[in-house]
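Participant: fold the following, please.
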Amino acid sequence: MTDQQDGSGLTIPCHWNKKIIEQMIRQTKETTGIPISEVYGSFADGGPVGHGRSKLSVQSVLKQEAIDFRKSLRDLNLNFTYLLNAPFKFTDLKQKEEVDQYIEWILKELQPDALTITSHELMQRVREIDANINIHISTIAGIRNGKDLEKFLDVKPNRVLPHHDCGKKWDDLKEIIEVGEKHGIETELLVTESCLFQCPNREAHYMHLANKTNDEEFHTNCNIRKILNPREFLLAGGTIRPEDTAFFEKMGVKYFKITGRSKPAEWLPEVVRAYHERNYNGNLIRLLGIDPSLKAEKWIYIDNKSLDGFIEHFPQTNIHEEEKKYANEWMIKLYENEKFKLNDEIEYIVENGELKLKGFGEKVEPIIESELRRHPR
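Facilitator: Below you'll find the predicted structure:
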């Protein structure tokens, strides 16, 4: 394993692309900032465990190609973390044997520096196989507070990635960091995740991914809800601007996770540069790991720089109506100053302190109407 970086580090998605990794290493050496410390990924099929994306949405790679790529990361002084992060339970002896063989191959042949795991039961089995491999608790495990984290102390994890809502729930985040520091567990925070704040479909979505190949319906549902209620773009706990990383570093966050394994590899250097430099002049939507099939950055625009000051004053009362009011006020200001725009003839009016959808074009109309039928407002 490479030496621990001083300060914070970026963890970036694996597209099994050496040229892109080398490009990003070169560009981060040009300026001072948050260094790339780790690459995370998995085989597309996920073996008998699975991972947090559909197998059709991520880059496939042969075993020997993966081994060669992992070696190249070591040469670049980058850590590699393998994902076993689908929701998982053991069901019978045959499955357990298959899982054991899969894990043992990964540890022996791929030789990752850590495993990111969701299932506590699977973590316990990994500890029986290897007492020393670093275990990262996946955000899919849904750690919301210090008590949640304490339940995993028996497997001696060395890192936790909390529930994405913790990006807007700072008392909970600070509690996780405090418990983590007491037990040698570092905290990592999602920064390019756009999942809905307090998403009602979160567990169902991850369970679906563990068993299915296509999750387009969940992405459509999520993003249409944002169009219907634009405040949701700003409420998303996993969306942290590059400029706001210092705010969380002061709390004790050690790593910032850039999501986007389903994105094209060529998308990543621009995003890494922004978070490395803690600065981005452009469309915030461009930075997010939204399902690329939606092409969100082509028709949704939020001026990143116009959000200066938003995070510092986000309500910490745990009263959702106050959180919504605050996000509504910011979104109205952005819309009126043309810093928030949508193509396809989408229009809003300000009504009762929030943006209300007034009109939309032929591309968006059928999916909005379908969503309204399934989930009336």
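
Participant: rest of the way, CA atoms for contacts and neighbours
Facilitator: Will do.

Participant: now the strands for the stretch 201-350 of the chain?
Facilitator: 255-257, 300-302, 340-342, 347-351 (DSSP state E, counting those that start in this stretch).

Participant: count the residues that sit near the nearest residue to residue 110 once chain neighbours are set aside.
Facilitator: Of all residues not flanking residue 110 in the chain, residue 67 sits nearest, at 5.4 Å (C-alpha to C-alpha, 6 or more residues apart in numbering). Neighbours of residue 67 under the rule other C-alpha atoms under 10 Å: 16.

Participant: my guess is residue 67 contacts residue 109. True?
Facilitator: Yes. Counting by C-alpha atoms under 8 Å, residue 67 touches residue 109, with 7.0 Å between them.

Participant: which stretches of the stretch 51-200 of the chain form helices?
Facilitator: 63-75, 93-105, 120-129, 146-150, 170-182 (DSSP state H, counting those that start in this stretch).

Participant: now stretch 71-81: buried residues?
Facilitator: Across stretch 71-81, burial judged by 16 or more other C-alpha atoms under 10 Å covers 71, 73, 78-81.

Participant: for this structure, longest helix please?
Facilitator: helix 320-336 (DSSP state H).

Participant: what angle sits between that one and strand 347-351?
Facilitator: 130 degrees (axes from the mean of the first three to the mean of the last three C-alpha atoms, to 10 degrees).

Participant: pLDDT wise, what is residue 224 at?
Facilitator: Per-residue confidence (pLDDT) for residue 224: 79.

Participant: just the one 4 residues further on next, same as before
Facilitator: Among the per-residue scores, residue 228 shows a pLDDT of 86.

Participant: do the same with residue 215
Facilitator: Reported pLDDT for residue 215: 52.

Participant: what mean pLDDT does stretch 112-126 have?
Facilitator: Here stretch 112-126 scores 97 as its mean pLDDT.

Participant: correction: the previous question concerned stretch 153-170.
Facilitator: Mean predicted confidence for stretch 153-170 is 97.

Participant: hang on, the earlier thing: now the residue nearest to residue 110: how far from residue 136?
Facilitator: Computed as C-alpha to C-alpha, to the nearest Å, the residue 67 to residue 136 distance reads 21 Å.

Participant: what do you get for residue 9?
Facilitator: 15 Å.

Participant: okay, the two: which has more neighbours?
Facilitator: Higher neighbour count among residue 9 and residue 136: residue 136, with 27 against 22, using other C-alpha under 10 Å.

Participant: what residues sit buried inside the longest helix of the chain?
Facilitator: Of all the residues in helix 320-336, those buried under the rule 16+ other C-alpha under 10 Å are 323-324, 326-328, 330-332, 334-335.

Participant: repeat that for stretch 128-137.
Facilitator: 133-137.

Participant: show me the contact partners of that stretch.
Facilitator: For stretch 128-137, the external contacting residues (C-alpha atoms under 8 Å, 6 or more residues apart in numbering) are 104, 113-118, 123, 127, 155-161.

Participant: and the furthest pair within those?
Facilitator: Using C-alpha to C-alpha, the two most remote members of these are 104 and 161, lying 24.2 Å apart.

Participant: for residue 107, see how far away residue 147 is.
Facilitator: Look at residue 147 and residue 107: by C-alpha to C-alpha, they are 30 Å apart.

Participant: of those two, who's got more company?
Facilitator: Neighbours per residue (other C-alpha under 10 Å) separate residue 147 from residue 107, with residue 107 holding more: 18 against 13.

Participant: and the pLDDT at that one?
Facilitator: At residue 107, the pLDDT recorded in the model is 98.

Participant: that older thread, pick the most deeply packed of the strands of the stretch 201-350 of the chain.
Facilitator: strand 255-257 (a mean of 26; mean count of other C-alpha atoms under 10 Å).

Participant: and that one, what does it pack against?
Facilitator: Contacts defined by 3 or more C-alpha pairs under 8 Å, 6 or more residues apart in numbering; DSSP states H and E place strand 255-257 against strand 9-13, strand 186-190.

Participant: sheet partners, orientation included, of that strand?
Facilitator: Using DSSP bridges, the strands paired with strand 255-257 are strand 9-13 (parallel), strand 186-190 (parallel).

Participant: can you lay out those as JSON lines showing distance to residue 196?
Facilitator: Shown next, in JSON lines, are the strands paired with strand 255-257 (distance: least, C-alpha to C-alpha, whole Å):
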{"stretch": "strand 9-13", "distance to residue 196": "21"}
{"stretch": "strand 186-190", "distance to residue 196": "13"}
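
Participant: distance of residue 177 relative to residue 257?
Facilitator: In this view, residue 177 and residue 257 are 16 Å apart by C-alpha to C-alpha.

Participant: no wait, residue 73
Facilitator: Residue 73 is 17 Å from residue 257, by C-alpha to C-alpha.

Participant: check residue 286 too.
Facilitator: 16 Å.

Participant: do the same with residue 192
Facilitator: Distance from residue 192 to residue 257, by C-alpha to C-alpha: 7 Å.

Participant: next one: residue 159
Facilitator: According to C-alpha to C-alpha, residue 159 and residue 257 sit 12 Å apart.
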